[in-house]
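Participant: give me a 3D structure for the following:
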Amino acid sequence: MSEPRGRTFEERAHVLLERPEIGRNVGRAMDRSARLREAVFEGMDVEAMRDAGEAIRAHTVANLDRYLGEWSERAIARGTRVCFATDAAEAVAYIRDVVRGHRARSVVKGKSMASEEIGLNHALEVDGIDVVETDLGEYIQQIAHEPPVHITVPAIHR
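Facilitator: Model (predicted):
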């Protein structure tokens, strides 16, 4: 669900950090994640991989118009509808129109920071659409009526 009005990230963080188990849980989770990451990359040149990844990202950003054009052409050729929105309102309006056009009563969606950032769930719920997240962490946060607290582990504080 969308972020409750009037509660900033800083306000929510302050409330959570007053709970002693939060720091302990987040610390354990981050330590475990670091150990697993180290085990996976053991013996590999992580810095070289990081540098290569940064070079790929920089190239892609510098040529984004070309890559988006190629992707959209291929997606459209396979029957996908593509929308390049200029802002959040336009993106939400497009998705609402698609949902209305199908007379959908529910939407099942995967984890997406983009949909979180544009307030998609809230907009669909205003239209009476039942939105269900498929990612367990996102779903836990949805049930709690709270936004995700972390990009890859949205319910890490729990």
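Participant: measure how buried Leu64 is and give me the count.
Facilitator: 10 (other C-beta atoms under 10 Å). In short, each C-beta sits where N, CA and C put it, glycine included.
Participant: swap in the one 5 residues further on?
Facilitator: For Gly69, the neighbour count with other C-beta under 10 Å is 12.
Participant: what helix or strand is it located in?
Facilitator: If you go by DSSP states H and E, Gly69 is part of helix 64-77.
Participant: same check on Gly53?
Facilitator: Element membership for Gly53, per DSSP H and E: helix 46-62.
Participant: ok now that helix, how far from the chain's centre?
Facilitator: 22 Å (C-alpha atoms, centre = their mean, to the nearest Å).
Participant: again, but for stretch 86-105
Facilitator: Chain-centre distance of stretch 86-105: 18 Å, with C-alpha atoms, centre = their mean.
Participant: low pLDDT regions in this protein?
Facilitator: For the chain, the stretches with pLDDT under 70 are 1-6.
Participant: pick out the residue closest to the middle of it.
Facilitator: Closest to where the C-alpha atoms of the chain average out (C-alpha atoms, centre = their mean) is Met113, at 2.1 Å.
Participant: what's the lengthiest helix in the chain in contact with?
Facilitator: The helix that spans the most residues within the chain, counting by DSSP state H, is helix 20-40. By C-beta atoms under 8 Å, 6 or more residues apart in numbering, the residues outside helix 20-40 that reach it are 16-17, 153, 156-158.
Participant: and the nearest residue to Leu68 once chain neighbours are set aside, what are its phi and psi?
Facilitator: Leaving aside its sequence neighbours, Leu68 sits nearest to Phe84 (C-beta to C-beta, 6 or more residues apart in numbering; 7.5 Å). When read as degrees, to the nearest 10, the backbone of Phe84 gives phi -100, psi 100.
Participant: the longest helix of the chain to helix 46-62, inter-axis angle?
Facilitator: 100 degrees (axes from the mean of the first three to the mean of the last three C-alpha atoms, to 10 degrees).
Participant: alright, calling it a day.
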